[in-house]
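Peer 1: Turn this into a model:
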Amino acid sequence: SFIDTHPPLLSLYLALMMKLGGSSEVWLHLSFVIFPVMAALSLYFIARRYTSNAIFTALIFAGTPGVAVMSHTLMSDLPGLAFWLAAIAFYIYGLENRSPALMAISGLLLSLGIFTSYQVLGALPLLFAYTLLRRRISLQTLLPLFLPLCFFIFFAIWHLAATSSLPGLEHVNYVQKEPFALKAIFARIVSLISTVGGATVFPLVLLPVLVVRKKDLFAFTSLFLPTLAFTSVRYLMGLSGIIEYVLVSLFLPLGLFFLYKACGEGWRRFRDGYGDAAALGGMLLLWIEVIIFVVVFLLPFSSVKYVMPLFPPVILLFVWLVEERFDAGRVRNILMAAVLSTAALGILVSFADYELADSKRFFAETEAVRYGQEVEATGNRLWFSSEFGVRYYMERQGFEELGEGSRVKSGDLVVLPLIAGSRTPVHLENRLHLVDSVSIYGSSPLRVTDHRAGAGFYGSRWGPLPYSFSTGSLDEYLIYKVDSFE
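Peer 2: Modelled structure (predicted):
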């Protein structure tokens, strides 16, 4: 349930915004603009201590498809990451300047972040490791980490007393019936790596940065060929389309090679560096490991929004790789190309996400209303079963979601979206027959959620790719009629 997997702070923030400016979609989305700005600025100040190209680091991050898309949603993932990055920035500067005020602000931001998204708990071991590597363990440096943890423990005790359950730090059973089956784990890993390869730095800029020397080409080829064999078998078996086949064949080895080279750069900085730089290299390595563990073992599926906390460390490591591999004259050109191409991709994917969301509004306000009026004329009603935005727009038109306790009668209509997902009550499974279907099309060939194209931006349950291409419909709404009960 929502209370189990999402902390309360974002709901309180939304309630405050609705109190101040109403519940219009434009106002609520505008009220979230502060979070991507906060995240990008925080990463800029973190990077500024370790590279002369901090502005490029922040701009690449802000332009990624993950950040660009999540910037115009009302989900907790980007706000949580914004608090995470801000807390780290204040902590690093507070530690360096021995400032109790900056350390206190860091502790406050960590607390706000944890009660926005439980994933922010992952920042605590990172900062502890950073402090340990800096050899600055003291009461002043540990309190900003200890107090947010205490606040969370107190909340967990209250949660247990109020609901007889602990907060859902892991919700791996939310969707997957067998979450730890090899197939489920493999799907999350493939999706995570494909996201790194296709949704961090623009792939056609990333590849020539990673493959510079002959040994790089050999290493990448050794990853590409087995991947190509795997995807070819899936394609020949009819398990994927041609677009999914091509993109997975590129994104998967590229993502794996990127993680390998980024971790190698982080390890080099940790091993050969001194003081602050070495500590940051170690923290970035741990950061990557923590997010991979969380996505693979604690979450029900991989998705771009779940992998997004991995973006800051790998993008900073990418900038370090560029600085280490190319002369000063080319570094700026490469990073500028990365900013422009990544931002262009982010905008295009954002538009595709907007079209998908708008298609749900369009269906609810037109086709659903028409069917609803037709069935009401016969004394029946129209129901729906779905999530992922469809529920919001359908309920806004006065329709009710189908549940186990719904009083459905013969002749009622039930709308089940093909892409958005649906759940049919067990007692109705054999009493529905298809009477019509409505397909909604868009202008963009990009897809963020479409199992037919392998696009799984919001979850690997739809496919392994962060985005894909298709000329098919954005979604198809199946209209069922309820047969008489025997």
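Peer 1: Give me the below-cutoff pLDDT ranges for the stretch 51-200 of the chain.
Peer 2: 169-180 (pLDDT under 70).
Peer 1: Tell me where it has strands.
Peer 2: Applying DSSP state E, counting those that start in this stretch to the stretch 51-200 of the chain gives no strands.
Peer 1: I'd like the distance between the nearest residue to residue 296 once chain neighbours are set aside and residue 484.
Peer 2: For residue 296, the nearest residue in space outside its immediate sequence neighbours is residue 188; the separation is 5.2 Å by CB to CB, 6 or more residues apart in numbering. From N, CA and C alone the C-beta is placed, and that goes for glycine too. Residue 188 sits 43 Å away from residue 484 when distances are taken as CB to CB, to the nearest Å.
Peer 1: Repeat that for residue 356.
Peer 2: As defined by CB to CB, residue 356 lies at a distance of 36 Å from residue 484.
Peer 1: again with residue 257
Peer 2: Computed with CB to CB, the distance linking residue 257 and residue 484 is 60 Å.
Peer 1: Run a quick neighbour tally on the residue lying closest to residue 475 once chain neighbours are set aside.
Peer 2: Taking CB to CB, 6+ apart, and ignoring the residues beside it in sequence, residue 475 has residue 419 as its nearest neighbour in space, at 4.2 Å. Per other CB atoms under 10 Å, the neighbour tally for residue 419 reads 25.
Peer 1: In contact with residue 419, which residues?
Peer 2: Taking CB atoms under 8 Å, 6 or more residues apart in numbering as the definition of contact, the neighbours of residue 419 are 449, 450, 451, 462, 474, 475, 476.
Peer 1: and those residues, which of them are in strands?
Peer 2: If you go by DSSP state E, the contacts of residue 419 have 449, 450, 475, 476 in strands.
Peer 1: out of those residues, who's nearest residue 69?
Peer 2: Nearest to residue 69 among these, counting by CB to CB, is residue 449 at 10.8 Å.
Peer 1: What score does the closest one have for pLDDT?
Peer 2: Reported pLDDT at residue 449 in the predicted model: 93.
Peer 1: was I right about it contacting residue 458?
Peer 2: Yes - counting by CB atoms under 8 Å, residue 449 touches residue 458, with 5.3 Å between them.
Peer 1: higher neighbour count, the two?
Peer 2: Under the criterion of other CB under 10 Å, the comparison of residue 449 against residue 458 puts residue 449 first, with 25 against 21.
Peer 1: quick one: that one from residue 240, how far?
Peer 2: Counting by CB to CB, the gap between residue 449 and residue 240 amounts to 16 Å.
Peer 1: contacting residues around residue 476?
Peer 2: Contacts of residue 476 by CB under 8 Å, 6+ apart are 417, 418, 419, 437, 438, 439, 440.
Peer 1: just the buried members of those residues?
Peer 2: With neighbours counted by 16 or more other CB atoms under 10 Å, these contain buried members at 417, 418, 419, 438, 440.
Peer 1: export the residues you listed to JSON lines and tack on pLDDT?
Peer 2: JSON lines is the format used below for the buried ones among the contacts of residue 476 (pLDDT from 0 to 100):
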{"residue": "417", "pLDDT": "91"}
{"residue": "418", "pLDDT": "87"}
{"residue": "419", "pLDDT": "84"}
{"residue": "438", "pLDDT": "94"}
{"residue": "440", "pLDDT": "94"}
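Peer 1: between those, which is closest to residue 16?
Peer 2: Within the set of those, residue 417 lies nearest residue 16; the separation is 32.0 Å, counting by CB to CB.
Peer 1: Dihedrals phi and psi, the closest one?
Peer 2: Here is the backbone geometry of residue 417 (degrees, to the nearest 10): phi -70, psi 140.
Peer 1: how close does it sit to residue 226?
Peer 2: With distances taken as CB to CB, residue 417 is found 36 Å from residue 226.
Peer 1: do the same with residue 142
Peer 2: In this structure, residue 142 lies at 46 Å from residue 226, with CB to CB as the measure.
Peer 1: Between the two, which is the more surrounded one?
Peer 2: Of the pair residue 142 and residue 226, residue 142 is the one with more neighbours under other CB under 10 Å, namely 15 against 12.
Peer 1: Please name the residues that touch that one.
Peer 2: Residues touching residue 142, when contacts are defined by CB under 8 Å, 6+ apart, comprise 128, 131.
Peer 1: top helix in the chain by residue count?
Peer 2: If each helix of the chain is counted by residues according to DSSP state H, the longest one is helix 328-363.
Peer 1: which helices and strands does it pack with?
Peer 2: Here helix 328-363 touches helix 54-63, helix 65-70, helix 203-210, helix 311-325, helix 390-396, strand 432-440, strand 446-447, strand 475-482, going by 3 or more CB pairs under 8 Å, 6 or more residues apart in numbering; DSSP states H and E.
Peer 1: Using PDB, write out every CA atom in the first one.
Peer 2: Below are the C-alpha coordinates for helix 54-63, written out as PDB (Å, rounded to 0.1, in the frame of the first residue of the first chain):
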ATOM      1  CA  ALA A  54      31.500  21.300 -12.800                       C
ATOM      2  CA  ILE A  55      29.000  23.200 -14.900                       C
ATOM      3  CA  PHE A  56      29.100  20.500 -17.600                       C
ATOM      4  CA  THR A  57      28.600  17.900 -14.900                       C
ATOM      5  CA  ALA A  58      25.500  19.500 -13.600                       C
ATOM      6  CA  LEU A  59      24.100  20.300 -17.100                       C
ATOM      7  CA  ILE A  60      24.600  16.700 -18.400                       C
ATOM      8  CA  PHE A  61      22.800  15.400 -15.300                       C
ATOM      9  CA  ALA A  62      19.900  17.900 -15.700                       C
ATOM     10  CA  GLY A  63      19.500  17.000 -19.400                       C
END
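Peer 1: Neighbour count for residue 188 and residue 484, which is higher?
Peer 2: Ranked by neighbour count (other CB under 10 Å), residue 188 and residue 484 place residue 188 first, with 27 against 8.
Peer 1: Distance of the more buried one relative to residue 312?
Peer 2: Applying CB to CB, one obtains 21 Å for the distance of residue 188 from residue 312.
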